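Chemist: Give me the fold of what follows.
(chains A, B, C and D)
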2 protein chains.
Amino acid sequence: MSGPLTERRQTILKLVIQEFVDTATPVASETLVRKYRLPVSPATVRNDMAALEELGFLTHPHTSGGRIPTDAGYRFFVENLMERTSLSPAEQRMIRHQFYQVRGELDQWVQLACAVLARTAHNASVATAPRAEQLRFKSLELIAIHETMVLAVMVFHSGIVKQQTLPIEPGRTPEDLRRAAGIVSDLLADTTLSRAEELAATATLNGVPLSDFERGLVDLVVRAMQAFEEQAQEQIYSDGLLEMLSQPEFLPASGRDDAERAIERMRRTLEILKSGRGLSPLIPQALASGGVQVIIGGEHGEDAMRDYSVILARYGVEGAIAGVLGVIGPTRMAYPRSISTVRYIASLMSNLLAELYNVNARPSEVETDPQDDQHA
Amino acid sequence: MSGPLTERRQTILKLVIQEFVDTATPVASETLVRKYRLPVSPATVRNDMAALEELGFLTHPHTSGGRIPTDAGYRFFVENLMERTSLSPAEQRMIRHQFYQVRGELDQWVQLACAVLARTAHNASVATAPRAEQLRFKSLELIAIHETMVLAVMVFHSGIVKQQTLPIEPGRTPEDLRRAAGIVSDLLADTTLSRAEELAATATLNGVPLSDFERGLVDLVVRAMQAFEEQAQEQIYSDGLLEMLSQPEFLPASGRDDAERAIERMRRTLEILKSGRGLSPLIPQALASGGVQVIIGGEHGEDAMRDYSVILARYGVEGAIAGVLGVIGPTRMAYPRSISTVRYIASLMSNLLAELYNVNARPSEVETDPQDDQHA
DNA sequence: CCTTAGCACTCTCGCCTCACGAGTGCTAAC
DNA sequence: GTTAGCACTCGTGAGGCGAGAGTGCTAAGG
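Modeler: From the prediction side, this is the model:
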């Protein structure tokens, strides 16, 4: 009964989605014909819409009132109907420029990526800090703040830096500190957590037992590595909440009922972003696969996310360090634009990191274009 | 006509505020009598309420429907009626414990303070990172990440640390780096920005001109100090948005009209917190004065903040470093609790910083109790 | 002069009804 | 397969109504 998915029906599906993304109101057959000058009558469009509904791509909330896409409809759109676009050169330039301005300040990259993503995709954005696949210690520096307080800077392969203040007994000279730091650095150089724990237990370097101070430093490093390792679920940064909340989904269209729901949605959204609930499960998945992942609505089963789509991409340097960034917003989302934004910023960040590690440092002028994106 | 502000009227004002803070609904004369077993009749209370209204401390939104406090009413309450409380020892202990767990990790203190403030005061919280009154350079360390990339760690008096990656030409040994960093540290040690700029211009140490590499490093430091100095308005961290948004102010009490306003309020609030608009002007003020500042509603003229109260306190070490932290929420706020929370956390942070700087390091066991709080 | 009971008045809230209009689904003709 | 015509559905908004809450006022009482 449903009939085949003819060329025209695909066009109609595409137009319904475009129109709905634009206007946020259910789209009627006549509107479509008028606005896009279709060479058929509204009645024909209605028939096709009914077919698309039976195929599961459209639905209508009320008997009257136009059609809206289902999750499956968006899915089909993303995979088959959407043309692959790139950000305009002007936008790419603007974004690169912003990153250029904080070059060197590694710790600001993630924040900046979030801010730019949000502004460009007009939705909320999320990102995790880049994380080394395996943490390997590199060196320790001690910097005196005053006589009884030093700042311990631990550097790990992959460039992750952790700083911590540490009280010491007074009377140590800078030379003392340097020697102690050198000893610890030598002892633990290039070790992973488990090896570091072993070495901490023996507490000798070349047969010479460590001093109490040095052992304290070793413990400090080991604890820092443990903390890092334990912190199983990555902290998720986010930005652009306001950007997302100015989407019409969060306006009370009409009726008190709707208003209440809008507020509830707002609160839920905040919770998702703050806690990462419903979001964290997606991270490992995105880390594992290359390309851009698109998760539409309730596809991954998390009920809290039923009304949201997430577009995620991995960024980083193969085999060294990786993180995830993406966009989150209502399922009614400008997928082409969001996807290209995510793809562009992920590749930009990857190039920046590659430059930092001096591997494969192609100029970040061109957007790399992975052959095929992964879809959930 | 308005009559004097008798003892009883003050009591009634206090009870109205208490009740309104609890229930978030306008309070009626009869409720008051019943709930607090007043030895007078509702009619008497009504008369007093009318007097309080003429005095500008109360108002009522509709002819029917009970009274609510005005900004002036809250102000009088805060200054004259409210009893000064402290957090319970149990709560104090819990808070101290949380700070204890991140001791040493200076960069997390502000975040933690925000989180704790929000949870304890059930409202949103804001804080600025501690900022040195005058930035003075201390030392520079260079840590090789790999052959062509170093991490420059700049330490300033006051313990502020800034890190930045820096590309270098390959072939430099760790010893090279150490020497260069040492030279720059010696040259710029203890300098303020203006002096550092002068020294950068001459580019000699003890008459010996600097190498190109060393000059690059000096420039790096100067730029970092400039950036710090220029960044006129402090970045404001915040937390507890959700905490605040679950206040009944942000629920649609009834009617579609109200719902729309609730959503608008929500959006505005977000904007205030994200951008700091309406908040930033308060920061310098709070930095300048000791004690706890309470700004109620539209008192400071900023229209965007008309419905909010802010409670701010300065924290830090006199003459060395200072920041601001506080609570923001609807004017209908549990002032005693919020104020004591802010006061406690500010003094805790101050003690922790004092310990770090080894000045005046009293144990942070007792809440310091400043003699008098400043009110706007 | 302060307090209190009584009472009329006001205003919100929730509920219902009703008419309107948008958009569909169906049927029959092309 | 397409189209015109038409009945039908249902959300939306306006208007009305009754109930209830709480006040302001007035007059009586301590």
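
Chemist: what sits up against the helix or strand of chain A with the lowest mean pLDDT?
Modeler: Across the helices and strands of chain A, mean pLDDT, DSSP states H and E gives its lowest value to helix A:255-275, namely a mean of 77. For helix A:255-275, contacts defined as Cβ atoms under 8 Å, 6 or more residues apart in numbering or on different chains pick out A:124, A:126, A:236, A:238, A:241, A:244-245, A:249-252, A:277-279, A:304-305, A:307-308, A:328, B:241-242, B:245-246, B:250-252, B:254-256, B:259-260, B:262-263, B:266. For every residue, glycine as well, the C-beta is placed using N, CA and C.

Chemist: Now the spatially most central residue of chain A, what are its backbone angles?
Modeler: Geometric centre of chain A, nearest residue: residue A:325, 1.9 Å, by Cα atoms, centre = their mean. Per-residue torsions, residue A:325: phi -140, psi 160 (degrees, to the nearest 10).

Chemist: tell me the SS of the spatially closest residue to it that is not a sequence neighbour?
Modeler: Distances taken as Cβ to Cβ, 6 or more residues apart in numbering or on different chains place residue A:127 nearest to residue A:325, at 3.9 Å, with adjacent residues excluded. The three-state label given to residue A:127 by DSSP: H, G, I helix; E, B strand; the rest coil is strand.

Chemist: For beta bridges, what are the partners of residue A:127?
Modeler: residue A:237, residue A:325 (DSSP bridges).

Chemist: So for the nearest residue to residue A:286 once chain neighbours are set aside, what's the pLDDT?
Modeler: Excluding the flanking residues, the one nearest residue A:286 by Cβ to Cβ, 6+ apart is residue A:312, at 4.0 Å. Listed pLDDT for residue A:312 reads 97.

Chemist: Residue A:312: what's it in contact with?
Modeler: By Cβ under 8 Å, 6+ apart, the contact list for residue A:312 reads A:282, A:283, A:286, A:292, A:293, A:295, A:324, A:325, A:326, A:342.

Chemist: so it sits in a strand?
Modeler: Yes - assessed by three-state DSSP, residue A:312 belongs to a strand.

Chemist: Against residue A:285, how distant is it?
Modeler: 8 Å (Cβ to Cβ, to the nearest Å).

Chemist: any shared contact partners between these two?
Modeler: Contacts common to residue A:312 and residue A:285, judged by Cβ under 8 Å, 6+ apart, are residue A:293.

Chemist: what subset of the contacts of helix A:255-275 is also close to DNA strand D?
Modeler: Checked against DNA strand D using Cβ under 7 Å from any atom of the strand, the contacts of helix A:255-275 yield no neighbours at all.

Chemist: Make a PyMOL selection of the buried ones in the residues you listed.
Modeler: Entered in PyMOL, the line below selects the buried ones among the contacts of helix A:255-275, by 16 or more other Cβ atoms under 10 Å in any protein chain shown:
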select buried, (chain A and resi 124+126+236+238+241+244+245+249+250+251+252+278+279+305+307+308+328) or (chain B and resi 241+245+250+251+252+256+259+260+262+263+266)
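
Chemist: Mark out where each domain of chain A begins and ends.
Modeler: Annotated domains of chain A cover A:7-81, A:89-129+A:236-357, A:137-230 [automatic domain parsing].

Chemist: Now do the last one: distance to the chain's middle.
Modeler: On the basis of Cα atoms, centre = their mean, to the nearest Å, domain A:137-230 sits 33 Å off its chain's mean C-alpha point.

Chemist: From what I see, the residue nearest to the centre of chain A and residue A:344 are in contact.
Modeler: No - under the criterion of Cβ atoms under 8 Å, residue A:325 makes no contact with residue A:344, lying 10.9 Å away.

Chemist: can I get the CA coordinates of the least confident helix or strand of chain A in PDB?
Modeler: C-alpha atoms of helix A:255-275 as PDB (Å, rounded to 0.1, in the frame of the first residue of the first chain):
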ATOM      1  CA  GLY A 255      -1.100  27.500  25.100                       C
ATOM      2  CA  ARG A 256       0.000  27.200  28.600                       C
ATOM      3  CA  ASP A 257       0.600  23.500  28.200                       C
ATOM      4  CA  ASP A 258       3.200  24.100  25.600                       C
ATOM      5  CA  ALA A 259       4.900  26.700  27.700                       C
ATOM      6  CA  GLU A 260       5.300  24.300  30.600                       C
ATOM      7  CA  ARG A 261       6.800  21.800  28.300                       C
ATOM      8  CA  ALA A 262       9.100  24.300  26.800                       C
ATOM      9  CA  ILE A 263      10.400  25.100  30.300                       C
ATOM     10  CA  GLU A 264      10.800  21.500  31.200                       C
ATOM     11  CA  ARG A 265      12.700  20.900  28.000                       C
ATOM     12  CA  MET A 266      14.900  23.800  28.800                       C
ATOM     13  CA  ARG A 267      15.700  22.400  32.200                       C
ATOM     14  CA  ARG A 268      16.300  18.900  30.800                       C
ATOM     15  CA  THR A 269      18.700  20.400  28.300                       C
ATOM     16  CA  LEU A 270      20.700  22.100  30.900                       C
ATOM     17  CA  GLU A 271      20.900  18.900  32.900                       C
ATOM     18  CA  ILE A 272      22.100  17.000  29.900                       C
ATOM     19  CA  LEU A 273      24.800  19.600  29.200                       C
ATOM     20  CA  LYS A 274      25.900  20.000  32.800                       C
ATOM     21  CA  SER A 275      26.000  16.300  33.800                       C
END
